[in-house]
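Asks: Show me how the following folds:
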Amino acid sequence: MANTRKATKKDLPAIYGLVRELAIFEKAEEQLTATLADYKRDFAAGVFEAVVLEEENEIRGMVLYYLTYSTWRGKMLYLEDFVVAEQHRRRGYGQQLFDAFIAAAHEKNCAMVKWQVLDWNESAVKFYEKNKATIEKQWWNGKIIF
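Replies: The predicted model follows:
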C-alpha cells in the first residue's frame with residue numbers, strides 16, 4: 001500500500017532524481033541546472049516543500065510546491081513539479097499525490113492553487129480537467145534566466 005507524507009531532507013536525492021526523470025520526459029534535461037546541493041540549501045531555508053509517495057520503502061512519486069501570492073485572490077500554493085516514476089504510473093499514485101497537494105493548500109488556508117502544464121501533454125491535461133481544473137490558454141509565460 002502506497003502512502004503519502006511530507007518530504008524530509010533525506011528524501012531530496014529521490015526528489016531530485018524524479019525531477020531529472022521529468023526533465024528527460026519533457027525533452028529538456030539540459031535545462032536542469034539546479035543541483036542536489038541547491039535543493040538541500042533551499043529546502044532547509046523553507047523555499048519549497050514537497051510530498052512524497054512511498055511504497056515498500058521506495059519513493060515512487062512526488063509533488064514539489066511553494067507558497068506564493070495572488071494579488072487578486074490572496075495566498076496560493078504553486079505546484080512546481082509533479083511526477084510519478086514512469087514504471088509506477090497508472091496505479092492511482094498521481095491522484096494520491098495531487099490530493100495531498102490540495103490538502104496542503106487547504107491546511108495553509110490558500111485561496112487557490114496554480115501550476116503549468118505543457119500543451120502536448122494530453123494525459124496530464126485530461127488528469128487536471130478530471131480534477132475540475134481550469135486550463136488557461138490565454139496567458140503566455142514570461143521569464144528571465146540569470
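Asks: what ranges do the strands span in this structure?
Replies: 3-6, 49-55, 58-70, 74-84, 112-115 (DSSP state E).
Asks: could those strands go into a markdown table alongside mean neighbour count, mean pLDDT and distance to Asp99?
Replies: Every C-beta, even on glycine, is put in place using the N, C-alpha and C of the backbone. Compiled in a markdown table, the strands of the chain are given as follows (neighbours: other CB atoms under 10 Å; pLDDT from 0 to 100; distance: least, CB to CB, whole Å):
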| stretch | mean neighbour count | mean pLDDT | distance to Asp99 |
| --- | --- | --- | --- |
| strand 3-6 | 13 | 96 | 8 |
| strand 49-55 | 21 | 97 | 10 |
| strand 58-70 | 19 | 97 | 10 |
| strand 74-84 | 19 | 96 | 12 |
| strand 112-115 | 16 | 95 | 12 |
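Asks: Could I get those in CSV, plus columns for distance to Gly92?
Replies: As requested, the strands of the chain are arranged in CSV below (distance: least, CB to CB, whole Å):
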stretch, distance to Gly92
strand 3-6, 12
strand 49-55, 10
strand 58-70, 11
strand 74-84, 10
strand 112-115, 20
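Asks: Figure out which of the ones you listed is closest to Ile135.
Replies: Nearest to Ile135, of all the strands of the chain, is strand 112-115, at 10.1 Å by CB to CB.
Asks: Who does the closest one pair with, and is each partner parallel or antiparallel?
Replies: Applying DSSP bridges to the sheet, strand 112-115 is found paired with strand 74-84 (parallel).
Asks: lowest confidence element among the helices and strands of the protein?
Replies: helix 122-130 (a mean of 89; mean pLDDT, DSSP states H and E).
Asks: what's the burial count for the residue nearest to Tyr39 when sequence neighbours are not counted?
Replies: Here the nearest residue to Tyr39 in space, its sequence neighbours aside, is Leu12; by CB to CB, 6 or more residues apart in numbering that works out to 5.0 Å. Neighbour count for Leu12, taken as other CB atoms under 10 Å: 18.
Asks: Kind regards, and thank you for your time.
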